[in-house]
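[1] Fold the following and give me the result.
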Amino acid sequence: MKKSAVLLMTLIISAAAIAQQANLKTFYVNDEMKKDIVTFTSKAPLETIVGRTSEVVGFVTVDPTDIKGSAEGRFEVDLATLKTGISLRDQHMREKYLEVDKYPKAIFDLTGVAEAGSNALEDKKNIDLTLTGNFTIHGVTKSISIPATITYLKESEETKQRLPGDLMHIVVQFNVLLGDYSIKRPQFVILKLDENQRVDIDLFASTGVPPVDFVPK
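    Got it, this is the predicted structure:
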């Protein structure tokens, strides 16, 4: 009897896992038009410097009916493409501080959802989340929690004007302390930048674009 009960429980758990796998939906960040935006904002006493790039790729996989129990993903930003509007400053930022030859990317590995305003995706509904994961920059990885807002958009004639497939609009803002990642505080002329840097991410992930090369097809 005990063996039968254990076998039954194993079958139930396996069936539940298979059912969840069947429900999983993967959204890819891989826009050939480069409309996604990542910005790093640095404040100095006399100037605010904003670095921007559209070179971001990634994915998020989620069960639309169970966000907290299923979400995982990865996003990569090409730091060598960051531009602030002044080419010499860009060169110093890339070579002296970010050292992009050694550490070319900023990476966020999404490991889970700690909080969710709703646990299910609904068409055109905004959901506030707290994401947990590992953020890597300049060769240093830290576990972080960051706020995000997502909006699920079922494919329609309107959404096809942006990207094919179902879409997930993702908006994130969080802060990075340079010292936490062994990044020297840049000093342009004589005024140092703030130790605290703000990161803003605004992108669309889609089920209809080609998969990125670091996730299973």
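[2] Around the residue lying closest to R94 once chain neighbours are set aside, how many other residues sit close by?
    Distances taken as Cβ to Cβ, 6 or more residues apart in numbering put V100 closest to R94, at 4.7 Å, once the chain neighbours are dropped. From N, CA and C alone the C-beta is placed, and that goes for glycine too. For V100, the neighbour count with other Cβ atoms under 10 Å is 17.
[3] doesn't D90 make contact with V100?
    No. Checked against Cβ atoms under 8 Å, the pair V100 and D90 is beyond contact range at 10.5 Å.
[4] quick one: the strands in this structure?
    25-29, 37-44, 47-53, 56-62, 72-78, 105-116, 126-137, 140-153, 167-177, 187-188, 191-192, 196-206 (DSSP state E).
[5] Go through these and name the closest to D213.
    Using Cβ to Cβ as the measure, strand 56-62 is the one of those that comes nearest D213, at 8.5 Å.
[6] tell me the angle of the closest one relative to strand 105-116?
    Per axes from the mean of the first three to the mean of the last three Cα atoms, to 10 degrees, the angle that strand 56-62 makes with strand 105-116 is 30 degrees.
[7] Distance from strand 56-62 to the middle of the chain?
    Centre-to-centre, strand 56-62 and its host chain are 7 Å apart (Cα atoms, centre = their mean, to the nearest Å).
[8] ok and that strand relative to strand 37-44, angle-wise?
    Using the same axes, to 10 degrees: strand 56-62 against strand 37-44 is 120 degrees.
[9] what's in contact with strand 56-62?
    Residues outside strand 56-62 that contact it (Cβ atoms under 8 Å, 6 or more residues apart in numbering) are 24-30, 36, 38, 70-78, 108, 110, 121, 168, 170, 201, 203, 205, 211-212, 215.
[10] ditto for stretch 158-168
    So stretch 158-168 is in contact with 25, 27, 31, 35, 60, 121, 150-155, 204-209, going by Cβ under 8 Å, 6+ apart.
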